[in-house]
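>>> fold the following and give me the result.
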Amino acid sequence: MTRSPLRRLLFSALRRVLYLWVRSETINQSSTTLNLDRSRPVFYALPSPALTDLAVLDRECTKAGLPRPVLPVTVGPLHEPAAFFYLTPDPDWLGRHDKRGAPPTLERLVEVLSEHAEEDAQIIPVSVFWGQSPDSESSPWKLLFADSWAVTGRLRRLLTVLILGRKTRVQFSAPIHLRELVQHNKGHERTVRMAQRLMRVHFRNLKSAVIGPDVSHRRNLVKGLIHAPLVRQAINEEAERQHIDPAKAEAQALRYGNEIASDYTYTAIRFLEVVLSWFWHKIYDGIKVNHIEQVQAIAPDHEIIYVPCHRSHIDYLLLSYLLFRNGLTPPHVAAGINLNMPVVGGLLRRGGAFFMRRTFKGNPLYTAVFNEYLHTLFTKGFPVEYFVEGGRSRTGRMLQPRTGMLAITLRSFLRSSRTPIAFVPVYIGYERVLEGRTYLGELRGASKKKESIFDIFKVFGALKQRFGQVYVNFGEPIRLGQFLDQQQPDWREQSLAPQYRPQWLSAITTRLGDTVARHLNEAAAINPVNLVALALLSTSRHALDETALTRVLDLYLSLLRQVPYSPHTTLPEGDGLALIKHVKDMQFLAEQNDALGRILYLDEANAVLMTYYRNNVLHIFALPALLASFFLSSSRISREQISQYVAALYPFLQAELFLRWTPEQLPEAIDQWLTALVEHGLLRQEQDVYIRPAPSSQQFVMLTLLARAITQTLQRFYMATALLLNHGQHTLSAEALEDLCVMMAQRLSILHGLNAPEFFDKTLFRHFIQTLIEQGVLQPDDNGRLGYHPRLAELSEGVAKRVLSAELRLSIRQVAAHRKELGTLAIS
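Just a heads-up that it's a prediction; the model follows:
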């Protein structure tokens, strides 16, 4: 095409005409400069012949300052008239490709490099995607012509350019150094085939990462499930158990498959993009995405499982939207069967949702079909998304992981570990969550409301409020193979039978769930609402004057910059004043002016609501707040004593808040925070002793506010131990102790004005009691009654007097004594 001046002239004219209409952009261009040696010849490989693709490539190379593909290039004695080639030859008019043979340019390059050892050539694979642009779509029917795996002819390509030419993206990949392949000394033909295979696999993986794997029709997928060995076995067992004909059991399995399976269509994905683009821009001030590059790097050669935190019904819509806009395949998303509503359910299913029942108990056939469906998704390379928390967090803190889906994933990986699996934690942080008021009602005792199609119209009513920004942080991926190597080194040597369930599976699944939760918390996005909530809720009246609040916020920002929680945690921009202005604009803060200045406070409704946003980041401040709390009742403490107190409390804080440090890493983290507190004037150090500021000083007030961030958590711990000690050995079961803790917390919240519904959240007490059992502090007897370590009273009081006020400890002991009789009645 470019061998003669006339053809070059015609190509130049085509490009000019094409760009009267076409609009293109380059994504991931940094990869082209990663290993590109400008002193060596550069060639471009396109997957299939298309003059329009070449014209777009030429334009993007010109924009990026890269060598143009249509210009001659020299490699030693070889003079090539153009610096590009197509991996497959020209199709016929029906779009059929003959993949036999190799590109002549590639043949000549391998030959010249084999004869001239000093020469090299760099091949940059380039993919052009039509109809895959962040620009808003104007007509959903145009999406029918977007890139897919279907074979396309020249007529369809012409229509694609005309309809979607303004929505085109180019992706350059890292250069392939042909010299490295030639040095394998495999001979000319094998080297050419090796280069072809390398590029063919690369193009296929990249296309899968951008537009999704090559999808079979849904009916074929569901029918395939029925013929899987484990499902056939479950069908036969169901027929025998229910005394029915095997054909009826098979029909039931087919119905289960149709109930579960998504009907993933790119048309629906594009349609949702159009609708959601309008929605996000209407309701939010902006969406900030961080650390997505690491996902883009591993997506082509890993099975990606996204495990986001779950704060809102819109979490998975937001994540799928952002992945699509960043050149990644929207995942198949596990959704509760309650969302399979008329109209909405069908659209969600076409957008990638597959539906699951809340419980599989007592239905082995459904379990077998569901497990096989997930195994099919994993082995075929479909990205998948599910929430390890199970349901949405009503308190704003990370919930205890539900390990069902993780266990299914692990069993599938043990069956077939050829495709490496990577879990990608995704932290989604809202400055105002859509369901905030509903969550607080449920925490106060209101029954959980069933989802309805009419809830959509309530969203439009909420548009009058300002919802601020949304932060989406991608955490450090967890590679399942590496995780198993660390936790169970011999896992590769064990049975790979489909029904194989090793004894260690349950324990490893629990550890995996905790690891995912910790990685999610490491990726937390700290926003202005979080910090203002943390500061004001630490005061007795939920109020501070503007100067003091500014000072506290500046302190928190400075501390977090000095001691970052993790490399994946992000901080808001601006100083304390800017944060206050932002939160005021969102109408969370009330103000009152007097002669001494402006007082900012939380009214009763917002004080309760802001506990949700404080809890989003409570884990970030847990360790420094714990250190600060030791100095509320003691003026000076040695470093050794600090270590002892932290060691006593940290396992319970880590279990509840999923803190990131292991016991081995904890001493270093303590030292970093103590150093930061000293440098900010909140503590003073004399050799190995730390001393608090004078109680009348501004620094002591700051230290006290920091300590109060964790006070309610420590109060719950003390309540449980006080109730247990008051009732005596082997008197209370775990369930009875849990109920008494809730009643006691509700009473104390009234007596002490603790306006925080999660303070008496039953699940928090349940998990604390379970952690006491796991730590060996409590031992259930044969009847389930709890015995405790003889030194529990001494340890509990010793730590509590350091971190809780005498008044509060006395109040807890009095209520515990008052509840003893009630507890005796409860267990009799």
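
>>> what is the neighbour count of residue 781?
When neighbours are defined as other C-beta atoms under 10 Å, residue 781 has 11 of them. (Glycine included, C-beta is placed from N, CA and C.)

>>> next up, the contacts around it.
Neighbour list for residue 781: 730, 787 [criterion: C-beta atoms under 8 Å, 6 or more residues apart in numbering].

>>> report pLDDT for it.
Looking at residue 781, its pLDDT is 92.

>>> same question for residue 521.
97.

>>> distance from the chain centre to stretch 620-630, please.
Taking C-alpha atoms, centre = their mean, to the nearest Å, the mean C-alpha location of stretch 620-630 is offset from the chain mean by 26 Å.

>>> please name the bridge partners of residue 288.
Applying DSSP bridges to residue 288 yields these beta-bridge partners: residue 471.

>>> touching, it and residue 472? I think so.
Yes: contact status for residue 288 versus residue 472: in contact at 7.1 Å, counting by C-beta atoms under 8 Å.

>>> restrict the helix or strand residue 12 falls within to CA atoms and write it as CSV.
Assigned by DSSP states H and E, residue 12 belongs to helix 5-18. Only the C-alpha atoms of helix 5-18 are listed here, as CSV (Å, rounded to 0.1, in the frame of the first residue of the first chain):
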residue,chain,number,x,y,z
PRO,A,5,4.5,7.6,-4.0
LEU,A,6,1.0,7.4,-5.5
ARG,A,7,-0.2,5.0,-2.8
ARG,A,8,1.3,7.1,-0.1
LEU,A,9,-0.5,10.1,-1.5
LEU,A,10,-3.7,8.2,-1.6
PHE,A,11,-3.2,7.0,2.0
SER,A,12,-2.5,10.6,3.1
ALA,A,13,-5.7,11.7,1.4
LEU,A,14,-7.7,8.9,3.1
ARG,A,15,-6.4,9.9,6.5
ARG,A,16,-7.4,13.5,6.0
VAL,A,17,-10.9,12.5,4.8
LEU,A,18,-11.2,9.9,7.7
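
>>> quick check: buried residues in that helix?
Buried residues in helix 5-18, counting neighbours by 16 or more other C-beta atoms under 10 Å, are found at 8, 11, 15, 18.

>>> do the same with stretch 361-378
Of the residues in stretch 361-378, those buried (16+ other C-beta under 10 Å) are 363, 365-378.

>>> next: stretch 794-807.
Of the residues in stretch 794-807, those buried by neighbour count under the rule 16+ other C-beta under 10 Å are 796-797, 799-800, 802-804.

>>> closest to residue 705 among those?
The shortest distance between residue 705 and any of these, using C-beta to C-beta, involves residue 803 and amounts to 14.9 Å.

>>> residues contacting the closest one?
Taking C-beta under 8 Å, 6+ apart as the contact definition, residue 803 lies against 626, 629-630, 632-633, 645, 649, 707, 711, 714.

>>> if I look at it, how far off is residue 718?
From residue 803 over to residue 718 the distance is 9 Å, taken as C-beta to C-beta, to the nearest Å.

>>> swap in residue 177?
From residue 177 across to residue 718, the span is 64 Å (C-beta to C-beta).

>>> low-confidence ranges, the stretch 101-250 of the chain, go.
Residues of the stretch 101-250 of the chain meeting the criterion pLDDT under 70: 131-157, 159-160, 163-165, 210-217, 219.

>>> what are the boundaries of the helices in the stretch 1-150 of the chain?
For the stretch 1-150 of the chain, the helices identified by DSSP state H, counting those that start in this stretch occupy 5-18, 30-34, 51-64, 104-115, in order along the chain.

>>> quick one: closest of those helices to residue 391.
Closest of these to residue 391 is helix 30-34, at 39.0 Å (criterion: C-beta to C-beta).

>>> please spell out which residues along the longest helix seen in the chain are buried.
Longest helix of the chain, by residue count under DSSP state H: helix 188-211. Using 16+ other C-beta under 10 Å as the burial criterion, the residues of helix 188-211 that qualify are 191-192, 195-196, 199-200, 202-211.

>>> and what of stretch 19-27?
Of the residues in stretch 19-27, those with enough neighbours to count as buried (16+ other C-beta under 10 Å) are 22, 24, 26-27.

>>> can you measure across it, start residue to end residue?
Distance across stretch 19-27, first residue to last, is 19 Å (C-alpha to C-alpha, to the nearest Å).

>>> mind checking the pLDDT average for it?
Average pLDDT, stretch 19-27: 81.

>>> same thing with stretch 530-546?
On average, the pLDDT along stretch 530-546 is 94.

>>> list the buried ones in it?
Of the residues in stretch 530-546, 530-539, 542-546 count as buried by neighbour count, 16+ other C-beta under 10 Å.

>>> gap between that stretch and the chain center?
Mean C-alpha position of stretch 530-546 versus that of the full chain (C-alpha atoms, centre = their mean) differs by 29 Å.

>>> now the helices of the stretch 1-150 of the chain in CSV, with distance to residue 284?
Converted to CSV, the helices of the stretch 1-150 of the chain look like this (distance: least, C-beta to C-beta, whole Å):
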stretch, distance to residue 284
helix 5-18, 36
helix 30-34, 28
helix 51-64, 31
helix 104-115, 48
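
>>> quick one: closest of the ones you listed to residue 298.
The nearest among those, by C-beta to C-beta, is helix 30-34 at 13.6 Å.

>>> and the helices in the stretch 201-350 of the chain?
According to DSSP H, counting those that start in this stretch, the stretch 201-350 of the chain carries its helices in the segments 218-226, 229-242, 246-260, 266-283, 293-298, 315-325, 344-350.

>>> most tightly packed of those helices?
Counting by mean count of other C-beta atoms under 10 Å, helix 315-325 has the highest mean neighbour count of the helices of the stretch 201-350 of the chain, with a mean of 22.

>>> now it against helix 188-211, angle please.
Interaxial angle of helix 315-325 relative to helix 188-211 (axes from the mean of the first three to the mean of the last three C-alpha atoms, to 10 degrees): 140 degrees.

>>> helices or strands next to helix 315-325 in the packing?
Counting contacts by 3 or more C-beta pairs under 8 Å, 6 or more residues apart in numbering; DSSP states H and E, the secondary-structure elements packed against helix 315-325 are helix 266-283, strand 286-290, strand 303-308, strand 332-336, strand 384-385, strand 421-430, strand 469-474.

>>> let me see the mean pLDDT of it.
Predicted confidence along helix 315-325 averages 90 (mean pLDDT).

>>> for the remainder of this discussion, apply numbering that starts at 53.
That works, and once the first residue is 53, the last one we named lands at helix 367-377.

>>> check contacts around residue 138.
97-101, 155.

>>> what's the separation between it and residue 104?
Distance of residue 138 to residue 104, given as C-beta to C-beta: 13 Å.

>>> ok, now residue 623?
Using C-beta to C-beta, one gets 45 Å for the distance from residue 623 to residue 104.

>>> between the two, point out the one with more neighbours.
Relative neighbour count places residue 104 above the other of residue 623 and residue 104, with 19 against 16, counting by other C-beta under 10 Å.
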